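Q: sequence-free structure coming up:
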């Protein structure tokens, strides 16, 4: 019972660190809407810290070295800023974010000022 309570506390803290939570069932399709404006792409970070970028031109995920990974045919970019996962798997669970089209939208601090905006994006919880 104690382990279960500790797990629930950790899971609540982990999920609340993100700005959004999206739940999806294994084997079903789901759409994650990031933006209603044009975007450059998507990124995702898995619990083990591995990061991947979705290339909108080639419609595939690539690792940090630019190498294609996984079953990219399972993912479809839906303009202006959504990602369709045709068949959700447990391995899709990750923290997803989008890359804005206008990079000037990103906050640039004046010299000597540091702004900690907090975590953004959506955590995809797969059940």
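A: Sure, I can see it. The structure presented is a predicted model; accordingly, all values stated were derived computationally and were not measured. Residues are numbered from 1 along each chain as shown.
Q: My guess is residue 92 contacts residue 85. True?
A: Yes - if you go by Cβ atoms under 8 Å, residue 92 and residue 85 touch, sitting 5.9 Å apart. (Glycine included, C-beta is placed from N, CA and C.)
Q: list residues touching both of those two?
A: Taking Cβ atoms under 8 Å, 6 or more residues apart in numbering as the criterion, residue 92 and residue 85 both touch residue 24.
Q: what's the burial count for the nearest residue to residue 77 once chain neighbours are set aside?
A: Nearest residue to residue 77, sequence neighbours excluded (Cβ to Cβ, 6 or more residues apart in numbering): residue 56, at 5.2 Å. Using other Cβ atoms under 10 Å, the number of residues around residue 56 comes to 14.
Q: measure residue 56 to residue 22 for me?
A: 20 Å (Cβ to Cβ, to the nearest Å).
Q: what do you get for residue 97?
A: Distance from residue 97 to residue 22, by Cβ to Cβ: 12 Å.
Q: Check the residue nearest to residue 77 and give its pLDDT.
A: Residue 56 is assigned 82 on the pLDDT scale.
Q: try the one 3 residues further on
A: What the model reports for residue 59 is a pLDDT of 80.
Q: same deal with residue 23?
A: 86.
Q: Same question for residue 110.
A: Residue 110 is assigned a pLDDT of 62 by the prediction.
Q: what's the answer for residue 17, then?
A: The model's pLDDT for residue 17 equals 43.
Q: got it, and residue 87?
A: pLDDT at residue 87 comes out at 93.
Q: got the contact list for it?
A: 27-29, 74.
Q: Just the strands from the protein, written as ranges.
A: Taking DSSP state E as the test, the strands found in the chain are 20-24, 30-33, 39-45, 51-55, 60-62, 68-69, 75-78, 82-85, 94-100, 122-126.
Q: Would you mind listing the buried residues in the fourth one?
A: Going back to what we said before, that points to strand 51-55. Under the neighbour-count criterion of 16 or more other Cβ atoms under 10 Å, strand 51-55 has 52-55 buried.
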